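S.K.: here is a sequence together with a model predicted from it:
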Amino acid sequence: MRIIGIDPGTGILGFGVIDVERGKTRLVTAGVITTPAHTPIDERLEEIFDGLTDIIAETKPEVMSIEKLFFTKNVTTAISVAQARGVAMLTGRRAK
């Protein structure tokens, strides 16, 4: 089974793709999608969508796991991460 894991963020979104077969795990690829800090949020989310779309098309995962949000004191950061998480969820859904 091929699994992609996502650590959402608008500045840096981390991902890792693994294969799990007969109890053994093998790293396929891992990396980050970065977006410039002073770019409008809609452009940043589009870059995340496009980058994840390419990664999913290339690696063809069967399952996607996205880190859940935990409440932080910085509400602005929490909203930004939630937006990136939503884009990641939509990207995975569209790839089905």
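M.R.: Yep, that arrived.
S.K.: E67: what's its closest spatial neighbour, skipping adjacent residues?
M.R.: Of all residues not flanking E67 in the chain, D7 sits nearest, at 5.1 Å (C-beta to C-beta, 6 or more residues apart in numbering). Heads up, the C-betas are built off the backbone N, CA and C, glycines and all.
S.K.: burial count for that neighbour?
M.R.: Using other C-beta atoms under 10 Å, D7 has 17 neighbouring residues.
S.K.: do I have it right that it meets F15?
M.R.: Yes: between D7 and F15 there is a contact under C-beta atoms under 8 Å: 7.3 Å.
S.K.: can you check which residues contact both of those two?
M.R.: Jointly contacting D7 and F15 under the rule C-beta atoms under 8 Å, 6 or more residues apart in numbering is no residue at all.
S.K.: for the worst-scoring helix or strand of the chain on mean pLDDT, list the C-alpha coordinates in CSV.
M.R.: Taking all helices and strands of the chain together, the one with the lowest average confidence (mean pLDDT, DSSP states H and E) is helix 75-94, at a mean of 92. Output of helix 75-94 as CSV, limited to C-alpha atoms (Å, rounded to 0.1, in the frame of the first residue of the first chain):
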residue,chain,number,x,y,z
VAL,A,75,-5.1,32.4,15.6
THR,A,76,-3.8,33.9,12.3
THR,A,77,-1.4,30.9,12.0
ALA,A,78,-4.1,28.5,12.9
ILE,A,79,-6.4,29.9,10.1
SER,A,80,-3.6,29.8,7.6
VAL,A,81,-2.7,26.2,8.4
ALA,A,82,-6.4,25.3,8.2
GLN,A,83,-6.6,26.8,4.8
ALA,A,84,-3.6,24.7,3.6
ARG,A,85,-5.2,21.6,5.2
GLY,A,86,-8.4,22.2,3.3
VAL,A,87,-6.5,22.5,0.0
ALA,A,88,-4.6,19.3,0.7
MET,A,89,-7.9,17.5,1.4
LEU,A,90,-9.5,18.8,-1.8
THR,A,91,-6.4,17.8,-3.8
GLY,A,92,-6.6,14.3,-2.5
ARG,A,93,-10.3,14.1,-3.1
ARG,A,94,-9.9,15.3,-6.7
